[in-house]
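Trainee: Sequence unavailable; structure follows:
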């Protein structure tokens with residue numbers, strides 16, 4: 001059994017019946033844990049999968065594999081409940097948990113600072129971070145990452161940061177994400193604070209659900225949760241449906257839909273084929289004050305997967321739409337006038353132009369980034385030159401004929 005608290009107040013309990021493979025949540029107090037799970041005297045039952053609000057925190061990819069291997073040694077078997085029960089006592093956020101059995105062994109307490117992660121060139125640093133923070137890293141996404149508590153020397157406080165790195169299959173991913181997130185910021189889209197480490201191995205981003213003014217966490221829910229889907233269904237959906245949900249639940253509908261439109265445009269221009277339901281979310285202090293979460297996890301996927309497509313559909317198709325089609329999307333689903341949609345789109349185009357310039361300058365300073373950087377420039381230039389005028393099912397092969405000077 002796991003006790004579940006929302007905003008530091010008891011809400012209810014989560015149980016698992018292994019014979020029927022059912023997850024059962026019962027409210028003990030009228031303190032809702034999710035927009036999709038209002039208080040009820042009846043049980044919330046989910047078969048085979050954790051309820052989406054809990055499933056949201058399940059690790060994927062690298063972290064999932066590491067935890068699974070460790071827990072299989074401990075218990076001989078592993079399921080999502082064992083993993084979640086292992087992680088839940090150390091989770092900090094709007095939702096917190098107490099478990100009757102604490103599976104977490106004592107970990108060696110090592111203090112790290114944000115400056116150390118940014119500046120240190122130690123090849124073993126990521127392994128040390130994993131050793132120290134594996135059991136609090138309930139974060140999704142397939143790339144190697146860890147949720148680490150780091151001391152910020154500038155503010156004399158400890159905060160949670162997500163530290164990401166990469167493997168051989170996705171070279172220079174940290175720099176890729178850094179420039180894509182810079183592009184998003186250039187377009188006037190809210191982002192959390194982020195850094196690129198000096199050795200270019202780590203992309204570091206601050207948690208955006210922590211309210212510095214109050215010292216409390218805000219509620220955060222991905223659109224996977226809002227649509228009552230589990231992580232395996234994160235690619236099943238449409239960008240129209242997200243827009244409709246924002247229009248329905250946001251406390252700042254006009255502002256949030258403008259931001260969301262720019263998010264969509266930037267993901268299309270940057271050729272991010274991984275903007276799925278888990279990569280959009282909402283924040284709230286209570287269910288009467290809901291806003292769109294900042295942009296996060298934005299990368300150029302096409303340079304690694306040339307035939308990649310958008311993660312979700314528009315008008316039932318996953319294709320790289322032209323400017324005309326995206327403007328129409330903005331008018332029909334983001335409540336924009338033609339003039340507003342075109343002005344916002346122009347902001348995004350200018351952000352891409354600025355990013356191309358910044359990448360070219362950076363390649364001069366960091367020649368090791370020349371191959372990936374040149375690929376990014378080629379893809380972004382294609383977005384501005386050809387894709388604005390015409391819809392493409394996939395990026396033409398000739399776009400990937402770049403000159404790296406080799």
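Mentor: All right, it came through fine. All values reported here derive from a predicted model rather than from experimental measurement.

Trainee: Quick check: which helices or strands does the top helix by length along the chain pack against?
Mentor: Looking across the chain with DSSP state H, the single longest helix is helix 338-365. Packing partners of helix 338-365 (3 or more Cβ pairs under 8 Å, 6 or more residues apart in numbering; DSSP states H and E): helix 173-186, helix 253-270, helix 323-333, helix 370-382. Placement of C-beta: from N, CA and C, glycine included.

Trainee: Nearest to residue 133, out of those helices?
Mentor: helix 173-186 (18.1 Å; Cβ to Cβ).

Trainee: Give the pairing partners of the next helix or strand after the closest one; include direction for each.
Mentor: Per DSSP states H and E, the first helix or strand lying C-terminal to helix 173-186 is strand 194-196. Strand 194-196 pairs in its sheet with strand 203-206 (antiparallel), by DSSP bridges.

Trainee: Give me the residues contacting the partner strand.
Mentor: 114, 117-118, 159-165, 173-174, 177-178, 181, 192-197, 296 (Cβ atoms under 8 Å, 6 or more residues apart in numbering).

Trainee: Write the PyMOL selection for whichever of those residues are buried.
Mentor: Per 16 or more other Cβ atoms under 10 Å, the buried members of the contacts of strand 203-206 correspond to this PyMOL selection:
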select buried, resi 114+117+118+159+160+161+162+163+164+165+173+174+177+178+181+192+194+195+196+197+296
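
Trainee: Can you point out the buried residues in the one helix or strand residue 64 maps to?
Mentor: Element membership for residue 64 (DSSP H and E) is helix 61-75. For helix 61-75, the neighbour count (16+ other Cβ under 10 Å) marks 62-64, 66-67, 70-71 as buried.

Trainee: want to throw those into a markdown table with distance to residue 228 and pLDDT?
Mentor: Below are those laid out as a markdown table (distance: Cβ to Cβ, whole Å; pLDDT from 0 to 100):
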| residue | distance to residue 228 | pLDDT |
| --- | --- | --- |
| 62 | 27 | 77 |
| 63 | 24 | 79 |
| 64 | 22 | 81 |
| 66 | 29 | 81 |
| 67 | 25 | 82 |
| 70 | 31 | 82 |
| 71 | 27 | 83 |
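
Trainee: mind putting the residues you listed in CSV, distance to residue 251 included?
Mentor: Listed next are those as CSV, based on distance: Cβ to Cβ, whole Å:
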residue, distance to residue 251
62, 36
63, 33
64, 34
66, 39
67, 36
70, 42
71, 40
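
Trainee: just to revisit the earlier point, tell me which strands and helices the helix holding residue 64 is in contact with?
Mentor: helix 80-87, strand 145-152.

Trainee: any weak-confidence spans in the stretch 51-200 of the chain?
Mentor: 101-110, 135-142, 153-156 (pLDDT under 70).

Trainee: please redo it, this time with the cut-off set to 50
Mentor: 106-108 (pLDDT under 50).

Trainee: Over to the stretch 301-406 of the chain?
Mentor: In the stretch 301-406 of the chain, residues with pLDDT under 50: 404-406.

Trainee: how much space between residue 30 and residue 10?
Mentor: Residue 30 is 11 Å from residue 10, where distance means Cβ to Cβ, to the nearest Å.

Trainee: I misspoke; the intended subject was residue 362.
Mentor: 50 Å.

Trainee: Please say which of these two ends up with more neighbours.
Mentor: residue 362 (17 against 14; other Cβ atoms under 10 Å).

Trainee: In this structure that one contacts residue 373, no?
Mentor: Yes: assessed by Cβ atoms under 8 Å, residue 362 is found in contact with residue 373 at 6.6 Å.

Trainee: Name the residues contacting each of these two.
Mentor: Joint contacts of residue 362 and residue 373 (Cβ under 8 Å, 6+ apart) are residue 175.

Trainee: Next up, phi/psi of residue 78, please.
Mentor: Dihedral pair for residue 78: phi -140, psi 140, per degrees, to the nearest 10.

Trainee: I figured it hits residue 66, correct?
Mentor: No: using Cβ under 8 Å as the test, residue 78 is too far from residue 66 to be in contact (11.7 Å).

Trainee: Next one: the residue lying closest to residue 36 once chain neighbours are set aside from residue 19, what distance?
Mentor: Leaving aside its sequence neighbours, residue 36 sits nearest to residue 228 (Cβ to Cβ, 6 or more residues apart in numbering; 5.7 Å). In this view, residue 228 and residue 19 are 25 Å apart by Cβ to Cβ.
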